[in-house]
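In: Mind folding the following:
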Amino acid sequence: MPELIDPTVRLTASFTEALHEFIAEGGGTGDSGTDSIIRNYLRPGDEWAAEYVADVLAWRTTAPPGFVPFTTLWWVDGDTYLGRLAIRHVLNAHLLDVGGHIGYDVRPSARRRGHATAMLAAGLPVAAALGIEKALLTCDADNTTSRKVIERNGGVLEDRRGDKLRFWVPTAAD
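Out: Sure, this is the predicted structure:
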């Protein structure tokens with residue numbers, strides 16, 4: 001049964017495989033969290049993973065320059081890395097406009113199995129525990145899959161800003 005866990009070097013092999021799946025579909029050149037991991041951490045061997053895990057756990061309280069504190073969790077099934085969820089603790093002007101509180105991705109080989117919907121549902125109570133009453137989530141206007149994930153988790157469309165749709169999602173059950 002998949003679950004959210006803290007990032008761990010124990011899953012380095014599976015996480016590395018997932019990153020290579022993202023690269024195979026053209027990842028590593030954009031501005032997503034996964035693109036950043038590929039560009040800034042991924043190297044031959046396994047040593048890079050310990051540096052990444054230490055950094056991402058530290059960023060929960062001390063964000064890197066230009067970022068806000070955020071909690072990264074991995075969606076895993078046993079020893080298999082399936083996806084990643086990042087919860088930004090606060091919003092700056094950029095995040096309020098286009099980034100939102102929560103970002104997520106599912107490795108290409110695990111898509112279309114409901115993982116994104118379940119992962120977001122599991123992450124909303126974590127956001128609530130961080131003091132976020134309603135989470136802002138955004139997606140590209142043409143990303144119908146992500147839109148459905150957000151709406152299945154109670155997302156209500158607020159507006160469209162450029163190419164981004166902005167939704168507010170309750171983090172706790174009423």
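In: average pLDDT across stretch 68-83?
Out: Averaged across stretch 68-83, the pLDDT comes to 98.
In: ditto for stretch 153-164
Out: 96.
In: cool, stretch 137-150 as well?
Out: If you average the pLDDT over stretch 137-150, you get 96.
In: Run through who's touching it.
Out: Stretch 137-150 is contacted by residues 98-102, 104, 116-117, 120, 155, 160, 163-169 when judged by CB atoms under 8 Å, 6 or more residues apart in numbering. Using the backbone N, CA and C atoms, a C-beta is placed for each residue, glycine as well.
In: can you rerun that using 7 Å?
Out: 98-102, 116-117, 120, 155, 160, 163-167, 169 (CB atoms under 7 Å, 6 or more residues apart in numbering).
In: What residues does Val76 make contact with?
Out: If a contact means CB under 7 Å, 6+ apart, then Val76 has 2-3, 5, 11, 82 as its contacts.
In: Top of those by number of neighbours, please.
Out: Counting neighbours by other CB atoms under 10 Å, Leu82 comes out on top of the contacts of Val76 with 23 neighbours.
In: and the helix or strand harbouring Ser14, how far out from the chain's middle?
Out: In the assignment (DSSP states H and E), Ser14 maps to helix 12-24. Relative to its parent chain, helix 12-24 has a centroid offset of 15 Å by CA atoms, centre = their mean, to the nearest Å.
In: which strands and helices sit next to that helix?
Out: helix 33-40, strand 80-88 (3 or more CB pairs under 7 Å, 6 or more residues apart in numbering; DSSP states H and E).
In: Now tabulate the contacts of Val76 in CSV and tack on distance to Glu47.
Out: Formatted as CSV, the contacts of Val76 follow (distance: CB to CB, whole Å):
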residue, distance to Glu47
Pro2, 28
Glu3, 27
Ile5, 21
Leu11, 15
Leu82, 24
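In: residue ranges for the strands of the chain, please.
Out: Using DSSP state E, the strands found in the chain span residues 3-5, 70-77, 80-88, 102-106, 134-140, 156-161, 164-170.
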